[in-house]
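Novice: structural data only, the sequence is not supplied:
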């Protein structure tokens, strides 16, 4: 092929059909500093592991980076509020375009990357998954992901028309108390561990954690992402079979809701209170909208749509 032809290859287009400017890093026209790129790659490089606990978070498509920032802000705020976990000091912002000293800028970028390398020691560890609109925040003790998510949603429900909405890009939370492999054996393993703290298990003597009077009703709500091996009905039957008969199924107004989230080769599970439904199934966006008056709700929806159309 002629070298002149190689040089005249048409530029690739972004999602809106316009050419992506290479001077902007080829990230759909969005400017990214070297630090942002390195941090993003580090987040992508982390992977879910058996035994993890944390929070699945869905978000607006194409806004994963912004949603991840919002989520980390919430986690740090509520980590301090609920568990007295002190926030990490944020690195000073650096405007590369206004910095004439390239060498100095690079040194600052390297310094800013150092705290990120210690993220595994942090109570909250952000991860971007291989699916659009999906994030995961790995948590460590003393954080209880169920209690954390529930409190965020309860506080959001108290928003008024004069209140400042905390997030723009986060949608639904799914807390995960424990993960295992997405196999029949893995589902049984994680279910026994998670359910034992809330229910008497089938075939076992009554546990101290579940007094005789607490015969909770329950509903099982599974979710599948990028997985086609296990079947929904089989998972529901398996989990239900592990719970003692004195706990009855109640799909309309259960005392407890068993959340099962199967992603690729992992199965996560948690048990949440029956207010899961009244809290819009932990959909933060829906909670905000329902807490506003109809006029303000319509106004804010229009603002968001207008702003997103500009991106």
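Specialist: Structure received. Since the model is a prediction, treat every value here as computed from it, not as a measurement.
Novice: got the contact list for residue 66?
Specialist: Contacts were defined as CB atoms under 8 Å, 6 or more residues apart in numbering; by that measure residue 66 touches 59, 168, 169. All C-beta spots, glycine's among them, are computed from the backbone N, C-alpha and C.
Novice: narrow those residues to those in strands?
Specialist: residue 59 (DSSP state E).
Novice: which of the contacts of residue 66 ranks first by neighbour count?
Specialist: For the contacts of residue 66, neighbours were counted using other CB atoms under 10 Å, and residue 59 has the most, 25 neighbours in all.
Novice: just give the closest residue to that one, not the sequence neighbours.
Specialist: residue 67 (3.4 Å; CB to CB, 6 or more residues apart in numbering).
Novice: what pLDDT does the model give the one you found?
Specialist: Looking at residue 67, its pLDDT is 95.
Novice: quick revisit: which among the contacts of residue 66 gets closest to residue 273?
Specialist: Checking the contacts of residue 66 against residue 273 by CB to CB gives residue 59 as the nearest, at 24.2 Å.
Novice: beta partners of the closest one?
Specialist: residue 170 (DSSP bridges).
Novice: what distance do you get for it to residue 71?
Specialist: 8 Å (CB to CB, to the nearest Å).
Novice: which neighbours do the two share?
Specialist: By CB under 8 Å, 6+ apart, the residues touching both residue 59 and residue 71 are 135, 170.
Novice: about what we covered before: the residue nearest to residue 59: helix or strand, and which one exactly?
Specialist: Using DSSP states H and E, residue 67 sits within helix 64-83.
Novice: report the buried residues of that helix.
Specialist: By neighbour count with 16 or more other CB atoms under 10 Å, helix 64-83 contains the buried residues 64-68, 70-72, 74-76, 78-79.
Novice: same check on stretch 49-68?
Specialist: 52-60, 62-68.
Novice: and the furthest pair within these?
Specialist: 53 and 62 (28.1 Å).
Novice: so what's residue 181 bridging to?
Specialist: residue 266.
Novice: pretty sure it is touching residue 263, no?
Specialist: No: between residue 181 and residue 263 there is no contact, the gap being 11.5 Å when judged by CB atoms under 8 Å.
Novice: okay, those two: which has more neighbours?
Specialist: More neighbours surround residue 263 than the other of residue 181 and residue 263, with 23 against 14 (other CB under 10 Å).
Novice: I'd say that one and residue 127 touch.
Specialist: No: with contact defined as CB under 8 Å, residue 263 does not reach residue 127; the gap is 11.3 Å.
Novice: what residues do these two have in common as contacts?
Specialist: residue 48.
Novice: show the residue spans covered by the helices in this protein.
Specialist: For the chain, the helices defined by DSSP state H cover 3-7, 34-45, 64-83, 102-116, 145-157, 184-195, 232-241, 284-291, 294-310.
Novice: residue 178: neighbouring residues, count only.
Specialist: Residue 178: 18 surrounding residues under other CB under 10 Å.
Novice: can I see the domain layout of this structure?
Specialist: For the chain, automatic domain parsing gives the domain ranges 30-85+101-176, 177-207+215-278.
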